[in-house]
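>>> Predicted model and sequence below, questions to follow.
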Amino acid sequence: MKKTLSSYLKVLPVLLMCALAQPLSAQTVVVLGTVRSAEDGQTLPSVTVREKNTNNGITTDIDGRYRLEVASNESVLVFSFVGFVTQEVVVGNQTTINITLAPNISELGEIVVVGYGSQEQKDLTSSISTIKTEEIDKTPTAQAMQALQGKVPGLQVVSSGAPGAAPTVRVRGVGSLEGNAAPLYVVDGMFFSSIDFLNTSDIASISVLKDASASAIYGVRASNGVILIETKSGSYNKPAEIIYNGYYGIQTAQNVLKVANSQQFTNYALATGSSADQAFIDNALQRFGRSRIDPNIPAVNTDWYSQVMEEYAPIQNHSLSVNGGSDKSRYSLGVSYFKQDGLLKFTRNEYERLNLRSKIDFDVTENFRVGGNINISNGTQYVAENSVWFKTYFAVPILPVYDDQNTAATPNMFSNAQVLGYRGSQNPLYDLFYNDNRNKIGKFLGNFYAELDIIPDMLTARTAYNYSFSQINSRNINFEFSDGVTDFLSSLRRSHATTYNQIWDNYLTFNKQFNQHNLTAVLGYSYRNETAEGVFARGTELDPSPNRVQEELWYLSLADQIDEGGVGDFGSKIYGTSYFTRVAYNYDDRYLLYGTYRRDGNNKFQERWGDFFTVGAGWVLTEEEFFNAPMVDFLKVRAGWGQLGNDGITASVGAPTVEQRFVAIDGVRTPGNVVIPTFDFVDRWETTEEINVGISSRMFNERLSIEADYFQRDTKDAAVTIILPLIRENVRRSAASIRNEGFELAMNWSDDLPGGIRYSIGGNLATLNNEVLSLGGPQYLDAGSAEFRQRSIIGNPLQAFFGYKTDGIFQNQAEIDNSGYTSEFITNSGVEPGDFKYVDQNGDGVIDDNDRVVLGSYLPTLTYGFNFAVSYKNFDLSADFQGQSGHSILNRKRGEIIFTTDTNIDAELADNLWTGEGTSNKYPSAAGLRKGWNQNMSDYFVEDGSYFRIQNIRLTYNLINKTVLGTEMPDTKITFTAERPLTLFNYNGFNPEVANGIDRQTYPIPAVYTLGLNIKF
């Protein structure tokens, strides 16, 4: 009898008890037989023979024989074996069923999305990695790219802990000094710079196009790699299927940084020898009292991180979709809701998003098809003040959260370190209570196409129109308050930015097989139009004064003052046309050729047109008669070369400009024009040229797969700032060259074991060597600040950390005298025991700029990941691990002592400062921290950023053919997921994932634990 939806809903509360329910019983039938290989007729041991939709199964013995008792003659037997095509057979009146299994090349024959079309995986000459929806769904996140962390060699994903924040994504390093290193995202044909609007449950697959031969067909936006996303579609001839997929969980901060407590801080402050620090401690003793444990330290002992951080923060995602189709059409409709709270207290710090989508394909006639895809996203993001993390790290522990003596502080009597003599308030609760930052984000993606078979199965014409609209409405308000020393006026800043993007693609696809010759050719034209515009304004002294509750007062019309410099508008308009072609040829599935060409033109640079070529080739050795390696099922060598473009850099006028100047002539102020001869000349996009060589292999009856690639990617004509000779002015030129080079390897093994156990294990790794080849004349280019210098030096990584190398701590005067420094330099520098011993690189007896060296790069030289999965009966267990090494992090938090000395320090530093001979050979003395000698940029501030992480653990219980309260259950999965439960590292911070390598105020990346439910009706 047909079950209604209400009958299913009745049993949802007892889903977790379903494991106790038993399958329906019926009259049984015994079936036996033998399973053989269709390739050589040999019997196959360990083949899984299972009664469909049940847990009833067995594996064949060493001779390929099996014997299985099934429920009835209506039962269906499923024969599955790794490397062979799965077969299903209805038992009927048969008691003996002998099966022949054909070799399975489904993985090799799987269709892979490429630019403007698709190819079978076995025919690829490029480096492409595809992640399916099953892997994407494992990760509880607002950002789909986060799910790829550690899964694709050559893809670096740097997490962000803030609610709704997108991770930093890099494909095969960084090749631009000023351009955005993010890849191009292509969602169902539309170009995006980010996919933060997509719900992970709406994605069918993500393909990473890593090398030039795969990406170059996208032209001037493909220099940093291409990420192709396909959203979910329905299926032809399939009844409507309702799917609910959701989870609810908690986030919790990991590896919370320990800062000095009152005991440690007081000891440090007194050890500095600073009379001011002594006075601050005395003031705290007088104002807040003495500790009962140690009367020499103040009674207050505030753990500021515990004051500002929640112990747990919820996260949830729910999606409902309807999929299906008839013989003429297919459809997929869905709605999803995501919400993530942040880790900060006392402030709105959250992200919420609602998505609606529809995707429909319709066969108008046998040879004419139309379809459309609409995705609407409406998000609200509350962004906490980033300075909270900065202040929390530096806030002195001898200061309480509230101070009832600070009566001038309103509306809350928060404490203020200034009353003790310190220079700043140091209380992060001011930043939590007295501001509210909101972004309302709306995005719309529309995709419509028509496809006509001009010659059936040979020549197809397709036209596709893609439209995207997005807007970000930002409102940042600061409430009026006093910290007891300074009065702060209310202020409001509003901005509204809108973008309209269009792409219209038209292309022909020719596909023909001539005996052993297979040819696919694409010829097309594309037009794009990108428009952005926005306005912003800032006002102060709102009247009446706004508060957190009355949002109706948060408007600029109530501001007494509008900042003249805080009002403006902006906009841009870029349009371009492109002509492209793609040709793929193979002979007898042995010899493969691939090539693309794209001619791109746009209005951004003086050089309007660019030509981008690629060529690739492959050789399938296993198709050759001379190849005789029985354990190798498939082996292909492949190579490719190509060019890509990057127009993600700021354009320039490219010519001398004229400025108006005023001079005094006979006492009269007279205007005149002056020609400015120095000007930027960035007249073209950056061009990347890449070579990729790789192998693809399947071995041991398809159990083992191997993908290996070597690449060399050179970026030419990179925009760089140089200093003109004689004039000594900074200008930009298209003159630099940067190389990224590396090796990538991915291996996966899967197999079935006796007893119905299935398992898989895999791993990947990638190396990266980033090197500056040329800077247009200069030997180096500085970046960062003068205090924390980064430098791009020819032969070294891009924007590497640059400073002095230390060789321990001077333990006594004798070590200083024997250091090799000259006596005059020792006297002038004031070096003392407890100070850093800097390496004299050139041996001239002095430490100066000539002794600075490269201290490390923020780009890892090695990234890796591995995983395993096992299935037994109704249970599936999987685990993912990932890590990286060979990169450095600038611990800017410790370095801030250069600017402000009267703040707290971290506990590790406080406990290990040099206090006498032999006490430390790593950290200077407390007094030494205050000296300019020890504040020089050095490897003391640059730490190893290597880490290893348990990325994801997921346990799933599958309910198949179960009944609860007399109702047959739908297909149901109950999942428990632990995301990032453990990260191991030595870096002195919350976490070792810092996008640009500079850690000054980084939002913690939480561990996430969720319970999920998936139901198919």
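Great, that's in hand.
>>> okay, CA-based contacts and neighbour counts for the rest of this
Will do.
>>> So which bits of the lengthiest helix in the chain are buried?
In the chain, taking DSSP state H as the definition, the longest helix is helix 275-288. Residues 277, 280-285, 287-288 are the ones in helix 275-288 that count as buried (16 or more other C-alpha atoms under 10 Å).
>>> nearest to residue 241, of those?
The nearest member of these to residue 241, counting by C-alpha to C-alpha, is residue 288 at 66.5 Å.
>>> Just the C-alphas of stretch 184-191, formatted as PDB.
What follows is stretch 184-191, C-alpha atoms only, in PDB (Å, rounded to 0.1, in the frame of the first residue of the first chain):
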ATOM      1  CA  LEU A 184      38.500  31.300 -11.600                       C
ATOM      2  CA  TYR A 185      35.300  29.700 -10.600                       C
ATOM      3  CA  VAL A 186      32.900  28.600 -13.400                       C
ATOM      4  CA  VAL A 187      29.500  27.600 -12.000                       C
ATOM      5  CA  ASP A 188      27.300  26.000 -14.700                       C
ATOM      6  CA  GLY A 189      29.100  28.200 -17.300                       C
ATOM      7  CA  MET A 190      29.100  31.500 -15.300                       C
ATOM      8  CA  PHE A 191      32.400  33.100 -14.100                       C
END
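>>> How many residues are close by residue 374?
18 (other C-alpha atoms under 10 Å).
>>> Can you tell me the SS state at it?
strand (DSSP: H, G, I helix; E, B strand; the rest coil).
>>> swap in the one 3 residues further on?
Put simply, residue 377 is strand when judged by three-state DSSP.
>>> is it in a bridge, and if so with what?
When assigned by DSSP bridges, residue 377 has beta-bridge partners residue 355, residue 443.
>>> That one touches residue 354, doesn't it?
Yes - Residue 377 is in contact with residue 354 according to C-alpha atoms under 8 Å; the separation is 5.9 Å.
>>> returning to what we had before: tell me the helices and strands packed up against the longest helix of the chain.
Secondary-structure packing of helix 275-288 (3 or more C-alpha pairs under 8 Å, 6 or more residues apart in numbering; DSSP states H and E): helix 262-271.
>>> Just the buried residues of the helix it packs on, please?
Buried residues in helix 262-271, counted by 16+ other C-alpha under 10 Å: 262-271.
>>> Now tabulate these in JSON lines and tack on distance to residue 557.
Output for these, formatted as JSON lines (distance: C-alpha to C-alpha, whole Å):
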{"residue": "262", "distance to residue 557": "47"}
{"residue": "263", "distance to residue 557": "51"}
{"residue": "264", "distance to residue 557": "50"}
{"residue": "265", "distance to residue 557": "48"}
{"residue": "266", "distance to residue 557": "49"}
{"residue": "267", "distance to residue 557": "53"}
{"residue": "268", "distance to residue 557": "51"}
{"residue": "269", "distance to residue 557": "49"}
{"residue": "270", "distance to residue 557": "52"}
{"residue": "271", "distance to residue 557": "54"}
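>>> Work out for me the element the residue lying closest to residue 220 once chain neighbours are set aside sits within.
Leaving aside its chain neighbours, residue 220 sits nearest to residue 645 (3.7 Å; criterion: C-alpha to C-alpha, 6 or more residues apart in numbering). Using DSSP states H and E, residue 645 sits in strand 632-646.
>>> Show me what that strand is packed up against.
Packed against strand 632-646 by the contact rule (3+ C-alpha pairs under 8 Å, 6+ apart) you find helix 212-215, strand 609-620, strand 686-699.
>>> Distance from the chain centre to it, please.
Computed by C-alpha atoms, centre = their mean, to the nearest Å, the chain-centroid distance of strand 632-646 equals 25 Å.
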